[in-house]
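I would like to see how this sequence folds:
(2 chains)
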Amino acid sequence: GDSVTQTEGLVTLTEGLPVMLNCTYQTIYSNPFLFWYVQHLNESPRLLLKSFTDNKRTEHQGFHATLHKSSSSFHLQKSSAQLSDSALYYCALSAGMGYKLTFGTGTSLLVDP
Amino acid sequence: GGIITQTPKFLIGQEGQKLTLKCQQNFNHDTMYWYRQDSGKGLRLIYYSITENDLQKGDLSEGYDASREKKSSFSLTVTSAQKNEMAVFLCASSIGEGNSDYTFGSGTRLLVI
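This next block holds a predicted model:
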């Protein structure tokens, strides 16, 4: 079945430094949809950005990601981390019939002053 | 705007007890989902429903039942609570297409004593 891999459980960095959270996926379908959801403390997950176009950069709220089908990757990046970016980030995949999302295990981002 | 309401917010049960969690949405979304959130394991799909009276098993359906008697509501039953179990159950809804966003409820926190 489909799977999503987020290799980092916890990323800690200093405010102002660049952010990169890794996401790779596996699916037999050729046209997957990839998503990043963000969950702040005591809140529900909410959509950060999504893409289904190969090699096209998608941006939202200062974050960006590019779907690379050749490497099955959809890494999340930001040029300069802010304290308010501290949260749990989930990468997710929708493929095939498209009714359900498969989530990764999540990466906790902690930004220190 | 719409809202997804999960009840109860907190649920304390005893080992072996049958426990029911409820979810209501007023987005008029066709598809609804139940996910279990555990630290380090991400969001795992328990059940989902494409439309009223439809039920589809997710990867974690064993030990759970679900019911979708109305389009706006989706309930989840823990058939026999396991001692010391502690988890957050998240309900979500979407229009059901591959690139559609999920909207999540605020969650039900379960503790079994």
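
C-alpha only now, for contacts and for neighbours.
Noted.

For the spatially most central residue of chain B, give me the pLDDT.
Nearest residue to the geometric centre of chain B (C-alpha atoms, centre = their mean): B:Trp34, 2.9 Å. On pLDDT, B:Trp34 comes in at 97.

Adjacent strands (with direction) for the helix-or-strand element of chain A with minimal mean pLDDT?
Using mean pLDDT, DSSP states H and E, strand A:102-103 stands out as the lowest-scoring helix or strand of chain A, at a mean of 94. Sheet pairing of strand A:102-103 (DSSP bridges) gives strand A:87-94 (antiparallel).

Now do the strand it pairs with, average pLDDT.
pLDDT averaged over strand A:87-94 gives 96.

what's next to it, contact-wise?
By C-alpha atoms under 8 Å, 6 or more residues apart in numbering or on different chains, the residues outside strand A:87-94 that reach it are A:2-4, A:6, A:23, A:25, A:32-41, A:100-110, B:42, B:98-99.

Let's see that with 7 Å instead.
For strand A:87-94, contacts defined as C-alpha atoms under 7 Å, 6 or more residues apart in numbering or on different chains pick out A:4, A:23, A:32-41, A:100-110, B:98.

where along the chain do the strands fall?
Looking at chain A here, since you left the chain open. A:3-5, A:10-14, A:19-21, A:24-26, A:33-39, A:46-51, A:57-60, A:63-66, A:76-78, A:87-94, A:102-103, A:107-112 (DSSP state E).

hm, I was asking about chain B
B:4-7, B:10-13, B:19-25, B:31-38, B:42-49, B:56-57, B:64-70, B:73-78, B:86-94, B:103-104, B:108-112.

wait, which of the ones you listed is closest to chain A?
Set against chain A and scored by C-alpha to the nearest C-alpha, the strands of chain B come closest in strand B:42-49, at 3.7 Å.

Each with direction, which strands does the closest one pair with?
Paired neighbours of strand B:42-49 in the sheet (DSSP bridges): strand B:31-38 (antiparallel), strand B:56-57 (antiparallel).

okay, the angle between it and strand B:73-78?
Relative orientation of strand B:42-49 and strand B:73-78, computed by axes from the mean of the first three to the mean of the last three C-alpha atoms, to 10 degrees: 120 degrees.

what residues does strand B:42-49 touch?
So strand B:42-49 is in contact with A:103-106, B:31-37, B:55-61, B:66, going by C-alpha under 7 Å, 6+ apart.

got the CA coordinates for it in PDB?
Provided in PDB are the C-alpha atoms of strand B:42-49 (Å, rounded to 0.1, in the frame of the first residue of the first chain):
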ATOM      1  CA  GLY B  42       1.600   9.900  13.200                       C
ATOM      2  CA  LEU B  43      -2.000   9.800  12.200                       C
ATOM      3  CA  ARG B  44      -3.300   6.300  11.400                       C
ATOM      4  CA  LEU B  45      -6.600   5.800   9.600                       C
ATOM      5  CA  ILE B  46      -9.200   3.700  11.500                       C
ATOM      6  CA  TYR B  47     -12.300   4.000   9.400                       C
ATOM      7  CA  TYR B  48     -13.700   6.300   6.700                       C
ATOM      8  CA  SER B  49     -17.000   6.800   5.000                       C
END
